[in-house]
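1. Turn this into a structure:
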Amino acid sequence: MTAEEYFKTPESNLHIELVDGEIITYGSQSGIHHDIKMVMYLFISDYIKNQKHEYSVFTMPSDVPFDEYNVVQPDIYVTDEKIPKEAHHITSVPPFIAEICDPYNDDSDNYLKKLYMYAMNGVKEYWIIDPSYKRVMVYRLFDESHLLNVYTFDQHIPVGIWNDELKICVNDLLA
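-> Numbers count the residues shown, from 1 in each chain. As a prediction, the model looks like this:
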């Protein structure tokens with residue numbers, strides 16, 4: 001399937017993505033997945049508003065097309081694109097994407113596919129948040145080194161797209 005065909009499919013409340021031309025449907029989110037997504041969204045949104053950054057933060061379901069065969073719905077992403085309220089997807093590459101592992105959905109293979117896709121398309125920072133192991137894998141994709149740092153939920157994790165000014169502690173968000 002192509003991105004053009006994907007965008008012609010009927011709207012759905014399901015989490016559906018197009019990865020390498022294949023439709024992938026995910027199950028319902030667990031409570032911890034939902035909680036992390038919402039508190040992180042609010043925390044980043046407040047930071048953007050307070051710092052008057054020219055960014056917007058979004059949560060899924062919101063389509064992010066990368067090419068003819070890849071349209072994803074990241075749990076959280078930040079864009080500097082001005083998005084009209086009626087838009088269903090963005091047209092630029094988001095500099096920051098965070099995905100939250102769900103203990104009830106085994107989609108570990110897709111995180112590796114997405115890492116490659118994001119690196120090849122100009123995403124600057126990719127977080128994989130894993131509640132089962134209480135860790136966050138942060139890939140800094142600013143250059144070809146693709147630096148990986150692994151943090152625990154009780155550490156303050158710097159957000160690179162804002163020169164490490166914003167720090168996120170998952171445990172603090174969930175408290």
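2. Low-confidence stretches in this protein?
-> 13, 84-88, 106-109 (pLDDT under 70).
3. rerun that using 80 as the cut-off
-> Scanning the chain for pLDDT under 80 picks out the ranges 11-14, 27-28, 60-61, 81-89, 103-109, 143-146.
4. Would you map the strands across it?
-> Secondary structure of the chain (DSSP state E): strands located at 15-19, 22-26, 56-59, 64-67, 70-72, 76-79, 96-100, 125-130, 135-140, 147-152, 157-158, 167-168.
5. which other helices and strands contact the fourth one?
-> Meaning strand 64-67. Contacts defined by 3 or more CB pairs under 8 Å, 6 or more residues apart in numbering; DSSP states H and E place strand 64-67 against strand 70-72, helix 108-121. Where you see a C-beta, it was placed from the backbone N, CA and C, and this is true even at glycine.
6. and the last one, what does it pack onto?
-> Secondary-structure packing of helix 108-121 (3+ CB pairs under 8 Å, 6+ apart): strand 15-19, strand 64-67, strand 70-72, strand 96-100, strand 125-130, strand 135-140.
7. looking at it, Asn121 is touching Pro94, isn't it?
-> No - using CB atoms under 8 Å, Asn121 makes no contact with Pro94, being 9.7 Å away.
8. Same drill for these two, tell me which one is more crowded.
-> Per other CB atoms under 10 Å, whichever of Asn121 and Pro94 has more neighbours is Pro94, with 26 against 14.
9. In contact with that one, which residues?
-> Listed by CB atoms under 8 Å, 6 or more residues apart in numbering, the contact set of Pro94 reads Val64, Pro74, Tyr77, Val78, Thr79, Val123.
10. do Val123 as well
-> Contact analysis of Val123 by CB under 8 Å, 6+ apart lists Val93, Pro94, Pro95, Phe96, Ile97, Leu141.
11. report the longest helix in this protein, please.
-> Ordering each helix of the chain by length in residues (DSSP state H) puts helix 31-51 first.
12. residues of it that come out buried?
-> The neighbour-count check on helix 31-51 (16 or more other CB atoms under 10 Å) flags Ile32, His33, Ile36, Lys37, Val39, Met40, Tyr41, Phe43, Ile44, Ser45, Tyr47, Ile48 as buried.
13. just stretch 166-175 next, same as before
-> Across stretch 166-175, burial judged by 16+ other CB under 10 Å covers Leu166, Ile168, Cys169, Val170.
14. can I assume the third one is in contact with Ile157?
-> Yes - A contact is recorded between Cys169 and Ile157 when judged using CB under 8 Å, the distance being 7.0 Å.
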